[in-house]
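Trainee: Sharing a sequence plus its predicted fold:
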Amino acid sequence: MTAVFVPGVPRPQPRPRVYGKRTVSDSPDSRAWKDVVAWTWRQSGADMIAEGPVEMTVDLTLPRPKRLMRRKDVDSPVPCDRRPDIDNHLKAIMDGLQGVAFADDGQVAAVLVRKWYCGKDGEGVGAAIIVRAL
């Protein structure tokens with residue numbers, strides 16, 4: 001089992017867009033996020049799981065919006081129920097970990113993903129990722 005924390009604002013994988021005869025399926029923001037995920041994983045020194053099923057746990061912490069910064073709002077992290085969709089975040093992380101944490105994202109057999117807004121102090125924005133072989 002390996003656990004890492006990837007600092008920075010998590011970016012989702014955008015849907016493919018077609019412009020004339022050209023299809024664009026990545027944005028500069030999501031490409032940069034995938035690179036940070038891969039780099040952080042490499043820095044952890046964890047071995048790649050080359051074969052067999054893999055389980056992932058991902059806790060995404062997004063910046064807290066101004067609408068949740070009122071005095072009556074709790075100071076601690078709160079669940080995020082707005083866009084971007086959780087599956088798009090997961091796809092970007094899995095793409096970043098492919099070839100680094102596991103050989104192919106098809107190996108992922110079980111996933112738990114949670115999406116939060118950070119506390120009012122703004123600390124902890126990023127993604128906590130745990131990958132283990134089943």
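Mentor: Arrived safely. Keep in mind that this is a model prediction, so the values were computed, not measured.

Trainee: close enough to count as contact, Asp26 and Pro14?
Mentor: Yes: in this structure Asp26 lies within contact range of Pro14 using C-beta atoms under 8 Å: 7.1 Å. For every residue, glycine as well, the C-beta is placed using N, CA and C.

Trainee: what about Lys21, how many neighbours?
Mentor: 5 (other C-beta atoms under 10 Å).

Trainee: would you say Val18 is within a strand?
Mentor: Yes: under DSSP: H, G, I helix; E, B strand; the rest coil, Val18 sits within a strand.

Trainee: In terms of secondary structure, what does the longest helix along the chain contact?
Mentor: Using DSSP state H to define each element, the chain has its longest helix at helix 28-44. Using 3 or more C-beta pairs under 8 Å, 6 or more residues apart in numbering; DSSP states H and E as the contact test, the elements touching helix 28-44 are strand 2-7, helix 86-97, strand 126-133.

Trainee: and with 7 Å instead?
Mentor: Applying 3 or more C-beta pairs under 7 Å, 6 or more residues apart in numbering; DSSP states H and E, one finds that helix 28-44 makes contact with strand 2-7, helix 86-97.

Trainee: Contact partners for the residue most central in space within the chain?
Mentor: Among the residues of the chain, the one closest to the centroid is Ile93, at 4.4 Å (C-alpha atoms, centre = their mean). Each residue near Ile93 by C-beta atoms under 7 Å, 6 or more residues apart in numbering is listed here: 37, 58, 127, 129.

Trainee: Most neighbours of all these, which one?
Mentor: Among the contacts of Ile93, Ala127 has the most neighbours (other C-beta under 10 Å), with 28 neighbours.
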